[in-house]
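> mind looking at a prediction? Sequence and model below.
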Amino acid sequence: MQKPFTRTFSGNKHVISYIAAGGFLIVAMMFGIAIGSVRVPFMEIAAIIGSRVLHLSQADLNSMHANIVMNIRLPRVLLAGIVGASLALAGAAFQGLLRNPLADPYTLGVSSGASVGAVLVLFFQITLPFTGIFTLPLLSITAAFITIFLVLLFARSVEPSMKVETIILTGIIFSSFLGALLSLMIALSGEELRQIIGWLLGSVSMRGWSYIWIILPFFMIGGTILMMNARELNAMSFGEERAKHLGVSVERRKLAILAAGSLLTGAAVAVSGTIGFVGLVIPHFVRMLWGPNHRHLLPLSMLVGAGFLILADLTARTIIEPAELPIGVITALIGAPVFGAILVRRRMESRG
């Protein structure tokens, strides 16, 4: 039986972790809104947002600052936060499911598949009947689903036991192949070239509120499915056979988790382009700080991932101001060394 003191300490630890992650997100949002070519004081930001939410008079507020906050920076910060939360959630779920910290939407090829779907829409100017602005995320998500299905199918044909390393290597193979397809479309494109390249490099610039409404329903659905499967992810982290003995319907839950992760990734890629390493770095960082329990790992990864991408976007748009770097460049500069460090650490652990 667990001692009361141990339960209290564990509970306090989790409360502190949520306060820290939530505080990090709030601070990131405030800096993301405040800093730019025009600096907006924190107190004025709170007054502008508060007056809009509570429908109060804005006569005493700076109209230029109000326009910058509500129409430019706030939607950009919220979109970056939702994209970061989506990628971190998907990465945490894939890592838990495959029991490997190297698994994420980027290394499994899901991001590349979603990018192909998005670029096809831009390249051929596709519009599905009755979907309107949701054509882009729907086809991007569909391409992500197809990619993860083909990755698993190919991995099973190569090795029926479907070892984690085989799945990850298969994902990297598919990612390389899909990257070649993207390069081919870029080479064949004309006027669409600038838009496609901008999409592939990753950005949340000049998206506006409409893109938030595009990603939000998919984020809510995918996030809810993963949160509902946190207990099953904990069980499967000990192996599929152990999970079956604990009463988990492994095949059905695995399909639901992969589908939810692909849904989150496809929607994120549709609105922001390919942003790598968020799903790799953030869950790994959160797991080191606060442990592997997915009941807490998933929501904490969501909060930290959102704050991380907001700060990455802030860096991308201010480091060479007035020009902007693609946000994917910043995440890659941070994520690639971390990816290498994880590989080295795993190799040392296996030798030890």
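Structure's in. What do you need?

> I35 contacts I319, doesn't it?
No. Counting by Cβ atoms under 8 Å, I35 does not reach I319; the two are 11.4 Å apart. Where you see a C-beta, it was placed from the backbone N, CA and C, and this is true even at glycine.

> which one of those two is surrounded by more residues?
I35 (15 against 12; other Cβ atoms under 10 Å).

> and that one, how close does it get to I133?
Distance, I35 to I133, by Cβ to Cβ, to the nearest Å: 30 Å.

> cool, and L120?
From L120 over to I133 the distance is 16 Å, taken as Cβ to Cβ.

> more neighbours: which of these two?
Under the neighbour definition other Cβ under 10 Å, L120 and I133 were set side by side, and L120 has more, 18 against 11.

> after the one helix or strand the more buried one maps to comes which helix or strand?
Per DSSP states H and E: L120 is located in helix 110-124. Next helix or strand after helix 110-124 toward the C-terminus (DSSP H and E): helix 135-158.

> would you mark the buried spots in that next one?
By neighbour count on 16 or more other Cβ atoms under 10 Å, the buried set for helix 135-158 is 135-141, 143-145, 147-148, 151-152, 154-155.

> any regions of this protein where pLDDT drops low?
For the chain, the stretches flagged by pLDDT under 70 are 1-11, 56-60, 161, 190-192, 194, 352.

> what residues are up against V281?
By Cβ atoms under 8 Å, 6 or more residues apart in numbering, V281 lies in contact with F308, T331, I334, G335, V338, F339.

> cutoff 6 Å now
Shown in contact with V281 (Cβ atoms under 6 Å, 6 or more residues apart in numbering): G335, V338.

> and the helix or strand where L300 lies, which residues are buried?
For L300, the host element (DSSP H and E) is helix 294-318. Judged by neighbour count (16+ other Cβ under 10 Å), helix 294-318 contains these buried residues: 294, 296-317.

> for that helix, packing partners?
When contacts are defined as 3 or more Cβ pairs under 6 Å, 6 or more residues apart in numbering; DSSP states H and E, helix 294-318 packs onto helix 4-34, helix 74-98, helix 230-236, helix 278-290, helix 327-351.

> for the helix holding L120, packing partners?
Taking 3+ Cβ pairs under 6 Å, 6+ apart as the contact cut, helix 110-124 packs with helix 135-158, helix 164-188, helix 193-201, helix 250-272.

> chain center to the third one, what's the gap?
Counting by Cα atoms, centre = their mean, to the nearest Å, helix 193-201 is centred 19 Å from the centre of its parent chain.

> just stretch 309-327 next, same as before
On Cα atoms, centre = their mean, the centre of stretch 309-327 falls 18 Å from that of its chain.

> ok, now stretch 83-100?
8 Å.

> buried residues in that stretch, which are they?
Neighbour count says stretch 83-100 has 83-98, 100 buried, by 16+ other Cβ under 10 Å.

> quick one: residues contacting M236.
Neighbouring residues of M236 by Cβ under 6 Å, 6+ apart: A243.

> now with 7 Å, please.
Contacts for M236 (Cβ atoms under 7 Å, 6 or more residues apart in numbering) come out as G96, L97, A243, V248, V250.

> P326 against V204, yeah?
No. At 10.3 Å, P326 and V204 do not qualify as touching, with contact defined as Cβ atoms under 7 Å.

> neighbour-wise, which of those two wins?
Set side by side, P326 and V204 show more neighbours around V204, with 27 against 20, by other Cβ under 10 Å.

> give me every residue that touches the residue positioned nearest the centre of the chain.
With distances taken as Cα atoms, centre = their mean, L87 lies nearest the centre of the chain, 1.3 Å away. Listed by Cβ under 7 Å, 6+ apart, the contact partners of L87 are P105, T265, A268, I275, V278, G279, G305.

> touching, the second one and V110? I think so.
By that I understand T265. Yes. T265 lies in contact with V110 (Cβ under 7 Å); the separation is 4.7 Å.

> between these two, which contacts overlap?
Jointly contacting T265 and V110 under the rule Cβ under 7 Å, 6+ apart are A144.

> ok, those two, which is more surrounded?
Each of T265 and V110 has its neighbours counted (other Cβ under 10 Å); T265 has more, 34 against 31.

> and L102, its phi and psi?
phi -90, psi -10 (degrees, to the nearest 10).

> quick one: contacts for it?
For L102, counting by Cβ under 7 Å, 6+ apart, the contacting residues are I168, I342.

> returning to what we had before: quick one: the helix holding L300 to helix 327-351, angle?
In terms of direction (axes from the mean of the first three to the mean of the last three Cα atoms, to 10 degrees), helix 294-318 departs from helix 327-351 by 140 degrees.

> ok, the residue lying closest to L25 once chain neighbours are set aside - contacts?
Once flanking residues are discounted, L25 sits nearest to G307: 4.1 Å by Cβ to Cβ, 6 or more residues apart in numbering. Counting by Cβ under 7 Å, 6+ apart, G307 makes contact with F24, L25, A28.

> any idea how far G307 is from G50?
21 Å.

> same check, this time on S210
Separation of S210 from G50 (Cβ to Cβ): 24 Å.
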